[in-house]
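Asker: Turn this into a model:
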Amino acid sequence: MRKRLVLTMAVLIVLLMAGIPSAEADERADRGYYTLKDHTGEVITMTGRELDPGDHYIASDNRLFEVVETEGDTVRVRYVETIELPEISEELLGAQVGRSGEGQAVVGIYHTHNAESYVPSSGTESKDDGRGDILEVGKVLASNMEKSGITVHWSDNSHIPHDGQAYVRSRRTATELLRKN
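Answerer: The predicted structure is shown next:
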């Protein structure tokens with residue numbers, strides 16, 4: 001059981017770390033954000049990532065949009081189609097195939113940079129008190145995994161300040177989560 005938790009946490013860390021360089025490289029240099037609008041002027045979303053014509057965005061209701069052009073801070077998009085995505089619970093449960101007989105899946109979730117927030121909704125990219133929007137993301141992720149029958153140990157331990165040493169400070173939290181299993 002402990003081996004599975006360690007493996008699961010290692011995979012999650014690798015997946016999260018794999019996206020970090022490209023995410024930072026694609027952000028606007030001025031730290032501003034774009035508003036994506038369709039032909040009617042409906043706001044589809046906001047993002048701090050650089051977008052080019054031909055890029056795609058999938059909205060929460062599975063509508064697929066393609067970037068047409070950028071005018072200042074506004075990105076014009078056109079609706080392409082509504083797509084069907086698999087339920088995340090199906091994917092997670094499908095990942096359990098081949099593990100029968102090993103017991104119930106257990107996942108540990110923690111936030112190294114727990115002060116991180118989303119500028120368009122919170123007005124800041126980092127909250128000094130360490131209670132960033134990322135904590136709500138983790139909470140929702142944990143809740144949905146639990147609904148799928150996965151045991152989740154979620155931690156909102158603070159690792160502020162938001163700096164490179166947060167990785168060192170967050171190791172204690174990772175160790176605590178490993179001990180829970």
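Asker: show me where the chain has helices.
Answerer: In the chain, helices defined by DSSP state H lie at 2-25, 88-94, 119-122, 134-147, 166-179, listed in chain order.
Asker: which stretch in the ones you listed has the least confidence?
Answerer: Of all those, mean pLDDT reaches its minimum on helix 88-94 (a mean of 50).
Asker: can you list the domains in this protein?
Answerer: For the chain, the structural domains run 2-27+87-179, 34-82, going by automatic domain parsing.
Asker: For those domains, give me a markdown table that also has mean neighbour count.
Answerer: C-beta coordinates here come from the backbone N, C-alpha and C atoms, glycine included. Listed next are the domains of the chain as a markdown table, based on neighbours: other C-beta atoms under 10 Å:
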| stretch | mean neighbour count |
| --- | --- |
| domain 2-27+87-179 | 14 |
| domain 34-82 | 14 |
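Asker: Enumerate every residue touching H111.
Answerer: Contact analysis of H111 by C-beta atoms under 8 Å, 6 or more residues apart in numbering lists G132, I134, L135, G138, S155, D156, H159, S170.
Asker: give the contact list for the first one.
Answerer: So the one you mean is G132. H111, H113, N114, A115, E116, S117, S122, S126.
Asker: roughly how far apart are it and T151?
Answerer: From G132 across to T151, the span is 25 Å (C-beta to C-beta, to the nearest Å).
Asker: Likewise for the second one?
Answerer: Distance, I134 to T151, by C-beta to C-beta: 22 Å.
Asker: can you list contacts of stretch 34-48?
Answerer: 27-28, 31-33, 49, 51, 57, 59, 63, 65, 67, 70, 73-79, 119-120.
Asker: From those, which land in strands?
Answerer: Y57, R63, F65, V67, T70, T74, V75, R76, V77, R78, Y79 (DSSP state E).
Asker: Give me the spatial nearest neighbour of Y57, chain neighbours excluded.
Answerer: F65 (4.8 Å; C-beta to C-beta, 6 or more residues apart in numbering).
Asker: pLDDT at that neighbour, what is it?
Answerer: 92.
Asker: surely it meets T82?
Answerer: No: F65 is beyond contact range of T82, at 10.6 Å (criterion: C-beta atoms under 8 Å).
Asker: Identify the spatial nearest neighbour of V119, chain neighbours not counted.
Answerer: Nearest one to V119, counting by C-beta to C-beta, 6+ apart, is E125 at 5.4 Å.
Asker: residues contacting the residue nearest to M145 when sequence neighbours are not counted?
Answerer: Nearest residue to M145, sequence neighbours excluded (C-beta to C-beta, 6+ apart): V152, at 5.0 Å. V152 makes contact with V106, V107, G108, I109, A142, M145, E146, according to C-beta under 8 Å, 6+ apart.
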